[in-house]
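this is the structure alone, sequence omitted:
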Ligand SMILES: *Cc1c(COP(=O)(O)O)cnc(C)c1O
Ligand SMILES: [Zn+2]
């Protein structure tokens, strides 16, 4: 039965707001970051959540992230550029249960998204919104998965895509960009170097940049992870969520989603403790969190098999750290060797070939459980952010 209280509007978007200085921006124009030089913060989309909206509206909607369209920023549904992203399964541990020490532990498995990672959510949203705003060329620096996703969604939308990627990224990430018709430049350096160079070229060529959290709508796509977690756990959030943190979009997005759901009255005020897991070679957030700092320092110890985690200085470091503290969470690092082990362990026991970024979470779980930071009986969710198939060239079997 279709609920007769379903709101007429496709989106309840109001405007964009700076979480730091409070400046507001008209969402019908193109924006990147806050124009106030004192903060230059990422901007957050705001919705009219005072509307009465019943959860029942979700019934019979398609199993993809667009089922939450009232809380998403695309105004005209004909601008939606979709390949079926989102509404990925929650899978409980089976043969690794014993090692979970009696806790209920789950994966949210993002590997089945288009182009094999959760980047599809953010990029689908950013490309849709870019289409709505009349943008004809999009550029992004990437550690791998965002580039492939942009290439695919831009192809679908008929928009030009330009991607700058570190040369050391596994070949499949480069090949997929070229196959989807993007212009790909391989850079001798890390994602920060890619960002600096693409910025110069984007200004010169008039490309719109969707670098992590310097564009407001990728966050809105990643946010749908939080909506799905709430809905799939029947509106009772888990106690702990483990997240492999690069630029932090998913972590911030999940937190924003919970906030919006509480304002709508769909969940109560109980929140999971959020845990940021980083690679040992790129540990800026962990160091800042443990040191009680409110921003991170540039940290790049070089190559890691978890290329998605090689982000030496996340643009939204302050917001990531705030979410970790507000949630009474924590942060820790995992080595490449441990990730490699976990990829193999999870494949062998659970039949899931997960990305090293996701595998890091299983090691993090075991450590936090052994330290009693995760307590007996707590429900824990790990976000497997991508498919392991794209990383095989760097995995020792
Ligand atoms: C990009 C990426 C991450 C990190 O995501 P952020 O939103 O940048 O923190 C984690 N895992 C995989 C597989 C990725 O592609
Ligand atoms: Zn501001």
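Good, I have the coordinates. If you're wondering where the values come from, they're calculated on a predicted model, not measured in any experiment. Ligands and ions are numbered 1, 2, ... in the order given.

centre-most residue in this structure?
Geometric centre of the chain, nearest residue: residue 250, 2.9 Å, by Cα atoms, centre = their mean.

model confidence for the residue nearest to that residue when sequence neighbours are not counted, exactly?
Closest residue to residue 250 apart from its sequence neighbours, by Cβ to Cβ, 6 or more residues apart in numbering: residue 222 at 4.8 Å. Placement of C-beta: from N, CA and C, glycine included. Listed pLDDT for residue 222 reads 98.

what's the answer for residue 1, then?
So, for residue 1, pLDDT stands at 38.

residue 51 too?
pLDDT at residue 51 comes out at 85.

and for it, the neighbour number?
12 (other Cβ atoms under 10 Å).

please, which helix or strand holds it?
Under DSSP states H and E, no helix or strand contains residue 51.

one more: residue 260?
Following DSSP H and E, one finds residue 260 within helix 249-264.

as a whole number, average confidence for that helix?
Per-residue scores along helix 249-264 average to 98.

do it and ligand 1 meet at all?
Yes - Helix 249-264 is in contact with ligand 1 by Cβ under 6 Å from any ligand atom, via 249, 250.

close to ligand 1, is the very next helix or strand once past that helix?
Using DSSP H and E, the helix or strand that follows helix 249-264 towards the C-terminus is strand 273-279. No - for strand 273-279, no contact with ligand 1 is found by Cβ under 6 Å from any ligand atom; the gap never falls below 8.5 Å.

in the next helix or strand after strand 273-279, what counts as buried?
Later in the chain than strand 273-279, the nearest helix or strand by DSSP H and E is helix 284-290. Using 16 or more other Cβ atoms under 10 Å as the test for burial, helix 284-290 gives 284, 285, 286, 288, 289.

try stretch 274-287
Residues 274-286 are the ones in stretch 274-287 that count as buried (16+ other Cβ under 10 Å).

in stretch 330-349, which residues are buried?
Of the residues in stretch 330-349, those buried by neighbour count under the rule 16+ other Cβ under 10 Å are 330-334, 336, 338-347.

all strands of the protein, in order?
Using DSSP state E, the strands of the chain run over residues 13-17, 24-25, 44-47, 90-92, 105-109, 137-141, 160-166, 183-187, 208-209, 240-244, 273-279, 330-334, 380-384.

quick one: residues contacting the closest residue to residue 325 other than its chain neighbours.
The shortest distance from residue 325 to any residue other than its chain neighbours is 7.9 Å, reached at residue 289 (Cβ to Cβ, 6+ apart). Contacts for residue 289 (Cβ atoms under 8 Å, 6 or more residues apart in numbering) come out as 276, 321, 324, 325, 330, 331.

out of these, which one sits closest to residue 177?
residue 276 (27.7 Å; Cβ to Cβ).

list the contacts for that closest one?
Residue 276 sits next to 243, 245, 248, 251, 285-286, 289, 320, 324, 329-332 when contact means Cβ under 8 Å, 6+ apart.

residue 373: which of those residues is nearest?
Closest approach between the contacts of residue 276 and residue 373, by Cβ to Cβ: residue 330, at 6.4 Å.

angle of the lowest-mean-pLDDT helix or strand in the chain against strand 183-187?
Ranked by mean pLDDT, DSSP states H and E, the helix or strand of the chain with the weakest confidence is helix 191-205, at a mean of 95. On the basis of axes from the mean of the first three to the mean of the last three Cα atoms, to 10 degrees, helix 191-205 is oriented at 140 degrees to strand 183-187.

can you point out the buried residues in stretch 64-83?
Applying a neighbour-count criterion of 16+ other Cβ under 10 Å, one finds 64-74, 80-83 buried in stretch 64-83.

same deal with stretch 118-136?
Using 16+ other Cβ under 10 Å as the test for burial, stretch 118-136 gives 118-132, 135.

which of these are close to ligand 1?
Contacts with ligand 1 are made by residue 119 out of the buried residues of stretch 118-136, judged by Cβ under 6 Å from any ligand atom.

could you list which of the buried residues of stretch 118-136 belong to helices?
Taking DSSP state H, the ones among the buried residues of stretch 118-136 that sit in helices are 119-132.

which one of these is nearest residue 145?
Lowest distance from residue 145 to those (Cβ to Cβ) belongs to residue 119, with 4.3 Å.

that closest one is in contact with residue 151, isn't it?
No - checked against Cβ atoms under 8 Å, the pair residue 119 and residue 151 is beyond contact range at 10.9 Å.

any idea how far the residue nearest to residue 325 is from residue 239?
Residue 289 sits 19 Å away from residue 239, going by Cβ to Cβ, to the nearest Å.

ditto for residue 396
For residue 396, the distance to residue 239 - Cβ to Cβ - is 34 Å.

who's more crowded, these two?
residue 239 (17 against 10).

now that one: phi and psi?
phi -80, psi -30 (degrees, to the nearest 10).

run a quick neighbour tally on the closest residue to residue 205 other than its chain neighbours.
Excluding its sequence neighbours, the residue lying closest to residue 205 (Cβ to Cβ, 6+ apart) is residue 137, at 7.3 Å. Number of residues near residue 137 (other Cβ under 10 Å) recorded here: 16.
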